[in-house]
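# Just a sequence and a predicted model for now, questions to come.
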Amino acid sequence: MALRPEDLPKDPALLTELALALAAKNEALQATVARLQRLIFGARSERMEVILAEQLALELGDLATATIPAPANDDAAGSAQPGSQAGRKKPNRNIGALPKHLPRFDVVIEPEATICRCCAGALHRIGEDVSEVLDRLPAVLRVVRTIRPKYSCRACEDIVQAPAPARLIEGGMVSTALVSHIAVAKYGWYSTLYRQMQIIGGLGVSVDRSTLARWMKHMAWTLQGVYRLQLAEMHSYARLFCDETPMPVIEPGRPRTKICQFWTHAIDDRPWGGPAPPAVAYVFAQGRGKKEIASQLAGFTGVLQVDGYAAYGSLARDQRTAGKIRLAFCLAHARRKFVDVHKRTNSPFAREVIERVAEVYGIEKRIRGTSAENRRAVRQAEAKPIMEALYSRLVAVNAGLSRISTLHEAIEYTLTHWAGLTLFLEDGRLEPDTNSVERSIRPIALGRKNSLFCGDAGGGETWAILSTLINTAKVNGLDPELWLTDVLERIVSGRTKSHQLHEVLAWNWKAAREAEASATTAAA
């Protein structure tokens with residue numbers, strides 16, 4: 001409501017208080033507007049080069065020649081100045097030769113004549129020039145005819161015939177390989193069933209989208225045991241990343257959607273050579289509350305690496321989980337709040353925080369891939385003093401800020417979560433952030449962007465199961481389509497029993513194939 005002159009207080013002290021409150025509220029509203037404008041029109045990157053580039057052209061004095069600190073978080077680290085060739089990551093290009101594992105198809109181009117133009121004698125070959133180009137064979141649908149001959153004894157008329165092989169879709173006219181291709185295209189490469197229906201139609205076969213959806217649902221049902229086993233296997237390790245992202249789901253009988261959630265669990269001990277393989281699991285849930293995550297982590301004991309969402313704190317404080325779950329918070333999330341403040345207000349202190357966190361990430365880059373003991377020792381010697389100095393600065397600066405200041409909010413968040421933000425200093429097995437699980441959420445976000453929503457809760461369950469298995473195969477460096485086809489055929493044919501499902505988990509399947517390849521190479 002607009003203020004009128006007669007509504008204003010007559011006391012000068014009250015007027016001053018009102019003016020200050022309105023100024024602070026105006027600052028907060030301007031910050032919100034600026035943030036929305038950046039979301040629509042601005043750069044999304046949090047790289048130091050991008051954060052500071054807008055200010056470098058405007059600031060004067062020694063700042064114009066100052067050294068910009070090393071990038072933090074997922075940035076490509078380097079000691080060179082941003083924009084220089086030395087500081088950039090070398091592109092991964094096929095220069096000089098294409099990958100050797102690809103099959104070669106030779107096209108020999110002979111001269112029009114092999115007779116000498118001078119003396120009419122026969123030419124003999126003295127060499128050749130070879131060039132390679134990457135080619136692609138167009139997709140082709142084919143019909144596999146399974147022929148089972150019948151044999152009969154002329155004497156006793158006994159008939160013998162091989163049994164029909166089991167199919168993934170009983171009574172369906174589709175192979176396991178084709179269903180796997182459709183699943184990987186949707187849940188691994190984010191191509192909707194509607195688009196795939198059009199692609200298949202372009203190849204001369206008419207398939208309804210509801211038929212494709214039924215195939216996906218049946219595949220998820222077949223793989224439920226593998227999905228549950230993988231989730232249990234992941235929860236058996238003492239460190240787990242967790243995050244969540246919304247998913248619109250159509251409400252039955254209503255022309256609208258409700259917001260459900262995909263909870264993402266991830267493990268990855270590769271940064272320090274630990275026992276946990278890279279894996280991700282998605283759990284579909286109706287809500288985003290404490291009860292959902294509590295039911296998912298009922299059997300988990302260890303360190304849970306998360307963002308600052310309140311449900312995780314409530315879970316850790318619950319008497320039923322007391323002493324079982326310890327929270328490690330994400331330093332990248334805390335840094336992101338200061339990045340937002342710096343973009344809005346060009347705050348020198350926000351920039352100082354970003355620079356100090358960048359120093360910590362520079363240390364992390366150096367020790368990545370070393371043992372947990374070495375990581376802890378280096379962190380204690382180098383990163384801990386930086387974080388302690390940063391804590392002192394945060395406390396000192398926060399004391400003189402307005403409580404509705406955006407900088408105060410960023411500092412308050414960091415101080416409130418400080419114990420969890422610095423837990424990685426005490427344990428070399430932990431990461432300073434939750435980037436592992438944030439990267440794992442991207443397949444869900446991209447699929448949601450293309451598909452817009454889930455048709456129902458059953459579709460959400462199907463999405464969670466198939467996305468879990470396909471994306472775990474991807475992070476393990478497997479061809480997800482090859483892996484999925486083999487696993488399904490083994491389960492459907494009965495070659496892999498329910499008590500042997502651990503053999504088809506992506507990392508175990510990969511290890512078995514590598515052992516077979518090594519044995520074949522040694523025998524040769």
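Thanks, I have it.

# in the helix or strand containing Leu212, what's buried?
Taking DSSP states H and E as the criterion, Leu212 maps to helix 209-222. Buried positions in helix 209-222, judged by neighbour count with 16 or more other Cβ atoms under 10 Å: 212-213, 215-220, 222. All C-beta spots, glycine's among them, are computed from the backbone N, C-alpha and C.

# The very next helix or strand once past that helix packs against which elements?
For helix 209-222, the following helix or strand on the C-terminal side (DSSP H and E) is helix 224-235. Here helix 224-235 touches strand 257-267, strand 279-285, helix 457-475, going by 3 or more Cβ pairs under 8 Å, 6 or more residues apart in numbering; DSSP states H and E.

# in the very next helix or strand once past the second one, what counts as buried?
To tie it back to what came earlier, the one meant is strand 279-285. Note on strand 279-285: by DSSP H and E, the next helix or strand toward the C-terminus is helix 290-296. Across helix 290-296, burial judged by 16+ other Cβ under 10 Å covers 290, 292-294, 296.

# mind putting these in JSON lines, pLDDT and distance to Met387 included?
Output for those, formatted as JSON lines (pLDDT from 0 to 100; distance: Cβ to Cβ, whole Å):
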{"residue": "Lys290", "pLDDT": "91", "distance to Met387": "29"}
{"residue": "Glu292", "pLDDT": "93", "distance to Met387": "33"}
{"residue": "Ile293", "pLDDT": "93", "distance to Met387": "28"}
{"residue": "Ala294", "pLDDT": "92", "distance to Met387": "31"}
{"residue": "Gln296", "pLDDT": "93", "distance to Met387": "31"}
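
# what about Val280, how many residues close to it?
27 (other Cβ atoms under 10 Å).

# Pretty sure it sits against Ala473.
No: here Val280 lies out of contact with Ala473, judged by Cβ atoms under 8 Å, at a distance of 10.3 Å.

# Low-confidence ranges, the stretch 1-150 of the chain, go.
In the predicted model, the stretch 1-150 of the chain carries pLDDT under 70 at residues 1-3, 6-7, 38-39, 41-89, 94-96.

# try the chain
1-3, 6-7, 38-39, 41-89, 94-96.

# what domains does the record give for it?
For the chain, automatic domain parsing gives the domain ranges 167-223+478-523, 227-331+435-459, 337-425.

# now the end-to-end length of the longest one.
It stands for domain 227-331+435-459. End-to-end span of domain 227-331+435-459 (Cα to Cα, to the nearest Å): 16 Å.

# Then stretch 391-406?
18 Å.

# Bridged to the closest residue to Arg239 other than its chain neighbours, which residues?
Once flanking residues are discounted, Arg239 sits nearest to Val303: 5.1 Å by Cβ to Cβ, 6 or more residues apart in numbering. On DSSP bridges, the residues paired with Val303 through beta bridges are Arg239, Arg326.

# give me every residue that touches Val303.
Shown in contact with Val303 (Cβ atoms under 8 Å, 6 or more residues apart in numbering): 238-240, 325-328, 423, 427, 430.

# Please, a PyMOL command that selects the buried ones among those?
Here is the PyMOL selection string for the buried members of the contacts of Val303, based on 16+ other Cβ under 10 Å:
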select buried, resi 239+240+325+326+327+328+423+427+430
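
# Was I right to think Tyr151 contacts Ala162?
No: in this structure, Tyr151 is not within contact of Ala162 by Cβ under 8 Å, at 9.7 Å.

# Glu481: how many residues sit nearby?
Glu481, neighbours per other Cβ under 10 Å, totals 19.

# Assign a three-state SS to it, would you?
helix (DSSP: H, G, I helix; E, B strand; the rest coil).

# Check whether it really touches His181, as I assumed.
Yes: with contacts counted by Cβ under 8 Å, Glu481 reaches His181, the gap being 5.8 Å.

# which one of the helices and strands packed on helix 224-235 lies closest to Pro103?
Closest to Pro103 of the helices and strands packed on helix 224-235 is helix 457-475 (Cβ to Cβ; 22.4 Å).

# What ranges does the stretch 301-450 of the chain have for its strands?
Counting by DSSP state E, counting those that start in this stretch, the stretch 301-450 of the chain has strands at residues 302-306, 325-329.

# could I get these as a markdown table with distance to Cys156?
Shown next, in a markdown table, are the strands of the stretch 301-450 of the chain (distance: least, Cβ to Cβ, whole Å):
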| stretch | distance to Cys156 |
| --- | --- |
| strand 302-306 | 67 |
| strand 325-329 | 70 |
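
# mind checking which of those strands is nearest Leu446?
Proximity to Leu446 (Cβ to Cβ) singles out strand 302-306 among these, at 22.2 Å.

# send the alpha carbons of the closest one over as PDB?
Extracted in PDB, the C-alpha atoms of strand 302-306 (Å, rounded to 0.1, in the frame of the first residue of the first chain):
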ATOM      1  CA  GLY A 302      27.900 -42.800   7.300                       C
ATOM      2  CA  VAL A 303      28.500 -39.300   5.900                       C
ATOM      3  CA  LEU A 304      25.800 -37.800   3.800                       C
ATOM      4  CA  GLN A 305      27.100 -35.100   1.400                       C
ATOM      5  CA  VAL A 306      24.300 -32.600   0.600                       C
END
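
# the inter-axis angle of that strand versus strand 325-329?
Per axes from the mean of the first three to the mean of the last three Cα atoms, to 10 degrees, the angle that strand 302-306 makes with strand 325-329 is 30 degrees.

# for the helix ranked longest in the chain, which positions count as buried?
Secondary structure of the chain per DSSP state H: the longest helix is helix 12-41. Buried residues in helix 12-41, counted by 16+ other Cβ under 10 Å: 27, 31, 34.

# For the second one, give its distance to Ala506.
Translated: Ala31. From Ala31 across to Ala506, the span is 45 Å (Cβ to Cβ, to the nearest Å).

# Ignoring the adjacent residues along the chain, who's closest to Gly369?
Here the residue nearest Gly369, using Cβ to Cβ, 6+ apart, is Pro271, at 6.6 Å.

# you'd agree the one you found is up against Glu431?
Yes: using Cβ under 8 Å, Pro271 is in contact with Glu431, at 6.5 Å.

# Could you check which of those two has the larger neighbour count?
Taking other Cβ under 10 Å, Pro271 and Glu431 do not tie; Glu431 has more neighbours (24 against 18).

# thought that one was touching Gln305?
Yes: the pair formed by Glu431 and Gln305 meets the contact definition of Cβ under 8 Å, at 6.6 Å.

# Could I get the contacting residues of Ala213?
Contacts of Ala213 (Cβ under 8 Å, 6+ apart): 193, 455, 459.

# next one: Arg104
Arg104 neighbours (Cβ under 8 Å, 6+ apart): Glu132.

# hang on, it is in a strand, isn't it?
No: with three-state DSSP as the criterion, Arg104 is assigned coil and is not in a strand.

# distance of it from Ala122?
Arg104 is 29 Å from Ala122, by Cβ to Cβ.

# and what of Val160?
Val160 is 61 Å from Ala122, by Cβ to Cβ.

# Likewise for Glu516?
From Glu516 to Ala122 the distance is 50 Å (Cβ to Cβ).

# ditto for Leu137
Per Cβ to Cβ, Leu137 is found 38 Å from Ala122.
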